[in-house]
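**Student:** Task: produce atomic coordinates for the following.
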Amino acid sequence: MKVTLLSFTPEPDRVVATAARLCYSPRTAEELWGELTLEKQKEFLAKLWSYGHYSPFEHVTFTFALSGVSRALSHQLVRHRIASYAQRSQRYINETDFPVVIPPTIQSDVQAEAEFTTVIRQIREGYKKLVALGIPKEDARYLLPNACATQLLMSMNARSLFNFLSLRCCRRAQWEIRELAWEIRRQVLEVAPLIFAQTGPPCLVKGKCPEGPLTCGEPYTREEVEEKDRP
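**Tutor:** Numbering: from 1, shown residues only. Here you go, the predicted model:
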């Protein structure tokens, strides 16, 4: 998996603080922008979090390039609807030698990995034969598995990322999208530390799990989170 933060709203912490201050000030946005020191930005963002006032966070957007991820992941990712996506098309791209993502549970079992590899090889051969028979790629792709690797461009505003990180950093999230979520969190913390300081799974952010009887029972420790935050 490769995750690259391609672009983001410049000075995101200041943008959100300006949006928050503007709601309660007779001054112009330009005037507020110029007087917002780092300490004032911290103050206003802390108030937003404590009040549960999240709409100002919608003013900043982050765009990521994702590669080496599976179609199984992308099917989950697009459930986060307040976002924009562009994905490599299986209608137009020839997938004869498609790369795959192999789950760690399969990689760690020699017999399971051998079975997985055998089936993937059969699928590749079947796809190749269909294309050779003149079947359109958009129909031949019906053979392709969830393991097929894909590439995406994804843009989300900060508020949508809060939701994404809350759900997908959780231990109960599927392993691949959980790995993606923690890497995204690490990267956005580097460029917008005030905005994302209180993001992550509820057991970390709120000190408790909302899953009730479905909880994993293993809240994250600060040591684990510090390890994930390292490049």
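
**Student:** check contacts around residue 176.
**Tutor:** Counting by C-beta atoms under 8 Å, 6 or more residues apart in numbering, residue 176 touches 1, 69-70, 72-73, 101, 103. For every residue, glycine as well, the C-beta is placed using N, CA and C.

**Student:** Quick one: those as TSV, columns for secondary structure, distance to residue 151 and pLDDT too.
**Tutor:** Output for the contacts of residue 176, formatted as TSV (DSSP: H, G, I helix; E, B strand; the rest coil; distance: C-beta to C-beta, whole Å; pLDDT from 0 to 100):
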residue	secondary structure	distance to residue 151	pLDDT
1	coil	11	95
69	strand	8	98
70	strand	11	98
72	helix	15	97
73	helix	12	98
101	coil	12	98
103	coil	19	97
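
**Student:** Now tabulate the residues you listed in TSV and tack on distance to residue 90 and neighbour count.
**Tutor:** TSV is the format used below for those (distance: C-beta to C-beta, whole Å; neighbours: other C-beta atoms under 10 Å):
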residue	distance to residue 90	neighbour count
1	19	14
69	14	21
70	13	22
72	14	18
73	15	24
101	15	18
103	21	16
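
**Student:** which one of these sits closest to residue 120?
**Tutor:** Ranked by distance to residue 120 (C-beta to C-beta), the contacts of residue 176 are led by residue 101 at 10.8 Å.

**Student:** That closest one against residue 145, yeah?
**Tutor:** No - between residue 101 and residue 145 there is no contact under C-beta atoms under 8 Å: 9.9 Å.

**Student:** what ranges do the helices span in this structure?
**Tutor:** Applying DSSP state H to the chain gives helices spanning 12-22, 29-35, 38-51, 71-77, 104-107, 110-132, 137-140, 158-168, 175-191, 193-196, 202-205, 222-229.

**Student:** and residue 60, how far is that from residue 14?
**Tutor:** As defined by C-beta to C-beta, to the nearest Å, residue 60 lies at a distance of 10 Å from residue 14.

**Student:** For residue 8, give me its contacts.
**Tutor:** So residue 8 contacts 60-63, 188, 191-192 (C-beta under 8 Å, 6+ apart).

**Student:** Outline the domain layout of the chain.
**Tutor:** Split into domains by automatic domain parsing, the chain comes to 2-85+150-229, 97-147.

**Student:** How about the residue most central in space within the chain: what's its closest non-neighbour residue?
**Tutor:** For the chain, the residue nearest the mean C-alpha position is residue 181 (4.5 Å; C-alpha atoms, centre = their mean). Spatial nearest neighbour of residue 181, chain neighbours left out: residue 168 (3.6 Å); criterion: C-beta to C-beta, 6 or more residues apart in numbering.

**Student:** in this structure, what residue sits furthest out from the centroid?
**Tutor:** Residue distances from the centre of the chain (C-alpha atoms, centre = their mean) peak at residue 133, which lies 38.6 Å from the mean C-alpha position.

**Student:** how close does that one sit to residue 95?
**Tutor:** Taking C-beta to C-beta, one finds residue 133 at 15 Å from residue 95.

**Student:** Please apply the same query to residue 79.
**Tutor:** In this view, residue 79 and residue 95 are 24 Å apart by C-beta to C-beta.

**Student:** These two: which is more packed in?
**Tutor:** More neighbours surround residue 95 than the other of residue 79 and residue 95, with 21 against 10 (other C-beta atoms under 10 Å).
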